[in-house]
Every structure is written in C-alpha cells, then in structure tokens.
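1. Below are the sequence and a predicted model; questions follow.
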Amino acid sequence: MEESLKQELIGYGIDLEMAIYRFLGNEAMYEEFLRDFMEDENYFGLLEAVPQKEYEKAFRHAHTLKGVAANLGIDSVQDDAEQITEALRGKKPEEVDGAALDDWLRRLEQHYAGLREILEKYAV
C-alpha cells in the first residue's frame, strides 16, 4: 500500500494500524477488503430501504454495515451506521423519527463519498 494512501486514510479517520492488524498485517488483503467495502450491498440496500420506509430491512443493512466498517477501522461510517441502527432498533414505522434518520443517512453518504474519493484517487 502506498505511503501517501496510508496517510490519507489516516487523515480521513481510519485507525489503519489496528485495521491492518485485524488482517494479520496483510496490507494487500486489507486494501482488497476496502475496495470490496465500497461496493457493499448493505450500503446500497440501506439507501434504497430508508426512502421506501422499509425500516426492518434498513435496520439489517445498517447493522451489517456497522460491523463491516468496524472491522475495517472506518469509524465515521461505523458511527453513522450505528446511529441509524439505534434509530430503527425495535421501532414500528410510525415510531421512527424520519427527519433524524434522513440526517444520519446524509452524513453516512458524505462519509462514504469522502472515502470513495480517496480510493478512486489511488485507483484502489
């Protein structure tokens, strides 16, 4: 992994040392999983489910996304997905605060886009 990419990922807020440790020090494998993360079906499923008010489905996507982001050290996405998960946990559709949920979804999209920009810059 290029040093400049490492520095940008750290600047973005990724705990790169811990994340690579989780991958047994294998930077190439971490980079591969990071690339796969950007195409994660749970992110896109969440983006589809929330506007359609399919909250149970959105909860599952957000919960899975939270775990994957945590394993990769992507704290901003993990935090956003956790907030979405908690906003939906055990709630009936009429109990969901749609405005707050939309705000967290926008934050998630911004953080996801920031990471995508870095990865595209380095053709990851």
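-> The structure has been received and is ready for your questions. Numbers count the residues shown, from 1 in each chain.

2. quick one, what contacts the residue positioned nearest the centre of the chain?
-> By Cα atoms, centre = their mean, the mean C-alpha position of the chain lies nearest to Val77, the distance being 3.6 Å. Residues in contact with Val77 (Cβ atoms under 8 Å, 6 or more residues apart in numbering) are Leu65, Ala69, Leu108, His111, Tyr112, Leu115. For the C-beta atoms, the positions are set from N, CA and C on the backbone; glycine is no exception.

3. so the last one makes contact with Ile74?
-> This means Leu115. Yes - the criterion here is Cβ atoms under 8 Å, and Leu115 meets it with Ile74 at 6.7 Å.

4. mean confidence score for stretch 79-90?
-> On average, the pLDDT along stretch 79-90 is 97.

5. which strands and helices sit next to the helix ranked longest in the chain?
-> Taking DSSP state H as the criterion, the chain has its longest helix at helix 98-121. Under the contact criterion of 3 or more Cβ pairs under 8 Å, 6 or more residues apart in numbering; DSSP states H and E, helix 98-121 touches helix 3-12, helix 41-49, helix 75-88.

6. Please identify the deepest-packed of these.
-> helix 75-88 (a mean of 21; mean count of other Cβ atoms under 10 Å).

7. Show me how far that one is from its chain's centre.
-> Here the centre of helix 75-88 is set off from its chain's centre by 9 Å, with Cα atoms, centre = their mean, to the nearest Å.

8. Helix 41-49 and that one, what's the angle between them?
-> Counting by axes from the mean of the first three to the mean of the last three Cα atoms, to 10 degrees, helix 75-88 lies at 50 degrees to helix 41-49.
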